[in-house]
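Colleague: make a model of this:
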Amino acid sequence: MLLIAALRSAATYLAVSLYVAILGPIGMLLAVAVGWQGLLYVLGHGGVRLGLALSGIRYRVAGAEHLPLGRAAVYCANHQSNVDPPLLFAALHPRMHILFKAEINAIPILARGFRLGGFIPVDRRNKEAALRSIEAGAASIRSGNSFLIFPEGTRSRTAELLPFKKGGFIMAIKAQAPIVPIAVQGGRDAMRKGSAIIRPVTVSIRVGEPIETAGFALDDRAALIARVRERMVALLALGPVGS
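Modeller: Reported below is the predicted structural model:
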């Protein structure tokens, strides 16, 4: 089974890399030349679904009725593995924006496509740059875009949530946008931290009721973080969807 997973992983990396290398420049050219930004999302979803199909990863969603697709929101998820961002990008919203780690700038085609799509890089090593990213994110939300954040900042090696960083919550408060708690389970089984092998599993995604931030001030961020964390813990306690 491990050998099969390794072979499927290699096929996934190769196919997705070729997909990005070939279609990425075409999509970016059209996005710049004729302002067709939506094409980048179509291509992004196509690349994710290609990767999921080749690696054998499936997902189930519970609570989809809570997704506020008609308004901008901040989707707040726990982080178990590298499959979480692309999986949630495809599963939750047709045009989900993401705060991404500045290290991805080392992959020029991908980073350029992210920026053209409205994704925002965050350099946590540079406080001033990180604050500018939060301001840019809040402005983007006010203009109608939804964002995905991982408040733990890195992948947890256990089932326990790591401490939450405050940047994404400040962004939501500044934009007065609701926060949607998301609980992911199974991601760690799909791809363990430190391993490049992607295992074929079914990932569970639970969506909680949005938590409004209207009327919250920046001084209220600690209470907001505690409330969102409590909601996510409760969602995780329900176990995987369909279990």
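Colleague: quick one, strands of the chain?
Modeller: Counting by DSSP state E, the chain has strands at residues 58-62, 74-77, 97-101, 120-122, 147-149, 179-185, 202-207.
Colleague: need these in TSV (columns: distance to residue 132).
Modeller: Using the backbone N, CA and C atoms, a C-beta is placed for each residue, glycine as well. Listed next are the strands of the chain as TSV, based on distance: least, CB to CB, whole Å:
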stretch	distance to residue 132
strand 58-62	34
strand 74-77	18
strand 97-101	12
strand 120-122	9
strand 147-149	15
strand 179-185	21
strand 202-207	30
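Colleague: I'd like those as a markdown table, with distance to residue 219 and mean neighbour count appended.
Modeller: Output for these, formatted as a markdown table (distance: least, CB to CB, whole Å; neighbours: other CB atoms under 10 Å):
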| stretch | distance to residue 219 | mean neighbour count |
| --- | --- | --- |
| strand 58-62 | 34 | 17 |
| strand 74-77 | 19 | 26 |
| strand 97-101 | 23 | 20 |
| strand 120-122 | 23 | 21 |
| strand 147-149 | 20 | 25 |
| strand 179-185 | 17 | 26 |
| strand 202-207 | 29 | 22 |
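Colleague: which one of those strands lies closest to residue 231?
Modeller: strand 179-185 (4.3 Å; CB to CB).
Colleague: list of residues touching the closest one?
Modeller: 66-68, 73-80, 84, 87-88, 92, 169, 172, 203-211, 213, 224, 228, 231-232, 235-236, 238-240 (CB atoms under 8 Å, 6 or more residues apart in numbering).
Colleague: quick one: buried ones out of those residues?
Modeller: The neighbour count (16 or more other CB atoms under 10 Å) marks 67-68, 73-80, 84, 87-88, 92, 169, 172, 203-208, 210-211, 213, 224, 228, 231-232, 235-236, 240 as buried among the contacts of strand 179-185.
Colleague: much appreciated, bye for now.
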